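K.L.:
Below is the sequence, then the predicted model.
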Amino acid sequence: MTENDDPTTDPIISVEKLVVAYERSEETVRAVDGIDLQIDPGTIVGLIGPNGAGKTTLLKTLLGLVSPTGGRVRVDGTDVAEHPHRAHATMAAVLEGARSTYWRLTVRENLEFFSRMNAAGRGDERERIRAAIDRFNLTDLSDEVVNDLSRGQKQRVSLAAALVQDPEILFLDEPTLGLDTEGSLELQSSLVDLAEQHGTTIVLSSHDLHAIESICDRGIVLDDGHVVADDTVENLVDVFRTEVYELVIEGALSPSARGEIERAYEIVSCTELRDRTALEVAVPDGNRIHDLTGAMVAHGSQIESVRTLEGSLEAVLDSLSFERSEPLERRPLRGAP
Ligand SMILES: Nc1ncnc2c1ncn2[C@@H]1O[C@H](COP(=O)(O)OP(=O)(O)OP(=O)(O)O)[C@@H](O)[C@H]1O
């Protein structure tokens, strides 16, 4: 499912002109710097970006744990800052590094506690707990004290504790961290099931780009507190797989070669190195790369190398980091502001 499947659906999360600034000793850091977002129910959205991009701050602000400096967040129509209790009734979270369970209680006691706290009266509690224990393979651990479990096991308990709350929205910060490959794959399939079978909206941040590519409907790339790309994961990857080439030429790009390229292609970036120039050019159809190189040679460019930018989210991020000193609005990603 993608955000555009049903144009009549009201967004379950709506973020308007959101700014979150932290005061540090001598400076103000705008961790979120003017973000507008709408997320439709039942979608799985991945927040991606380099360290310090603002992912955790955005998640915590959606949850109401951090107050906006400006703008607002509405969850299921409720302003999170104005009515935090009402907003919290619809959501659960597993935050990285935060203890989202009680380590002195057993697994089962934790699940009972969270279920009663946040989902009292909603459906059959015993059935919900049994399903969460099954889903996260916790049967043999259900009477163990959480403190005695491994990091990966604790992570599974946190996820189970979030799920027994039967949330409409689930926020996860780095959910696959600490899980082995099998655990990570199980978690991914549980999240997809949740969205598909229960219509749960899932927003997760992760550096695990394979997980994001496998399960997310939509990827939002943050950098320096801004949304720099927002599209289906497929489209984000496609832009790089089929269309963008990096060409390195000797010397500078002559005005006539530049004019020739710009007649048919988009120059995504042009970086002058000491005695070379690196260009990223968006080519609408992969076959036309030969026309492009031919035209450049005809206009006096000596081409040193040509390479396709890999078709993976990793390439998207690498390319964004490469360009961090460049204006990001020059990226060709659809949906970027
Ligand atoms: N409590 C805080 N006080 C001051 N500055 C903060 C605080 N929390 C985050 N920051 C700063 O805000 C910016 C965004 O941080 P944030 O943790 O939201 O990014 P992130 O994308 O989640 O990074 P990472 O991938 O490393 O977790 C960074 O410059 C960070 O140093």
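P.N.:
On my side now, so go ahead. The structure presented is a predicted model; accordingly, all values stated were derived computationally and were not measured.

K.L.:
okay, M1: pLDDT?
P.N.:
Looking at M1, its pLDDT stands at 46.

K.L.:
ugh, wrong one, I meant N287
P.N.:
The model's pLDDT for N287 equals 60.

K.L.:
which SS class is L172?
P.N.:
Secondary structure assignment for L172 (DSSP: H, G, I helix; E, B strand; the rest coil): strand.

K.L.:
Name the residue closest to the centre of the chain, please.
P.N.:
The centroid of the chain falls nearest to L47 when counting by CA atoms, centre = their mean (1.6 Å).

K.L.:
Please name the bridge partners of that residue.
P.N.:
Beta bridges link L47 to S205, I220, judged by DSSP bridges.

K.L.:
Check S14 too.
P.N.:
Beta-bridge partners recorded for S14 (DSSP bridges): Q38, R74.

K.L.:
returning to what we had before: does the residue nearest to the centre of the chain really touch L59, like I thought?
P.N.:
Yes: L47 lies in contact with L59 (CB atoms under 8 Å); the separation is 7.0 Å. Any C-beta I mention is one placed from the backbone N, CA and C, and that applies to glycine too.

K.L.:
Can you work out which residues contact both of the two?
P.N.:
203, 205 (CB atoms under 8 Å, 6 or more residues apart in numbering).

K.L.:
tell me the contacts of the residue nearest to the centre of the chain?
P.N.:
By CB under 8 Å, 6+ apart, the contact list for L47 reads 55, 58-59, 203-206, 220, 222.

K.L.:
contacts with the ligand among those residues, please.
P.N.:
K55 (CB under 6 Å from any ligand atom).

K.L.:
and of the contacts of L47, the nearest to L111?
P.N.:
L204 (21.1 Å; CB to CB).

K.L.:
What separation is there between the nearest residue to the closest one once chain neighbours are set aside and G34?
P.N.:
Leaving out its chain neighbours, the residue that sits closest to L204 by CB to CB, 6 or more residues apart in numbering is L172, at 4.0 Å. Between L172 and G34 the distance is 25 Å, computed by CB to CB, to the nearest Å.

K.L.:
Save the contacts of L47 as a markdown table, and put in neighbour count too.
P.N.:
Shown next, in a markdown table, are the contacts of L47 (neighbours: other CB atoms under 10 Å):
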| residue | neighbour count |
| --- | --- |
| K55 | 25 |
| L58 | 28 |
| L59 | 21 |
| V203 | 27 |
| L204 | 25 |
| S205 | 26 |
| S206 | 21 |
| I220 | 24 |
| L222 | 26 |
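
K.L.:
Kindly reformat the contacts of L47 as TSV containing pLDDT.
P.N.:
Below are those laid out as TSV (pLDDT from 0 to 100):
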residue	pLDDT
K55	94
L58	96
L59	95
V203	97
L204	95
S205	93
S206	88
I220	94
L222	91
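
K.L.:
I'd like to know how far the residue nearest to the centre of the chain sits from the ligand.
P.N.:
Noted for L47: a distance of 8 Å to the ligand, by CB to the nearest ligand atom, to the nearest Å.

K.L.:
From S205, how far off is that residue?
P.N.:
For L47, the distance to S205 - CB to CB - is 4 Å.

K.L.:
what touches both of these two?
P.N.:
By CB under 8 Å, 6+ apart, the residues touching both L47 and S205 are 55, 58-59.

K.L.:
near the ligand, which residues of the protein?
P.N.:
22, 24, 29, 31, 49, 51-57.

K.L.:
Could you point out which of those residues is nearest to G70?
P.N.:
When the residues of the chain next to the ligand are compared for distance to G70 (CB to CB), A31 wins out at 12.4 Å.

K.L.:
Surely the closest one and L18 touch.
P.N.:
No: counting by CB under 8 Å, A31 does not reach L18; the two are 10.4 Å apart.

K.L.:
before we move on, back to that, quick check, nearest of the contacts of L47 to the ligand?
P.N.:
Nearest to the ligand among the contacts of L47, counting by CB to the nearest ligand atom, is K55 at 3.5 Å.

K.L.:
Tell me which residues touch the nearest residue to the closest one once chain neighbours are set aside, please.
P.N.:
With sequence-adjacent residues excluded and distances taken as CB to CB, 6+ apart, K55 is closest to S205, at 3.9 Å. Going by CB under 8 Å, 6+ apart, S205 touches 46-48, 55-56, 58-59, 172-174.
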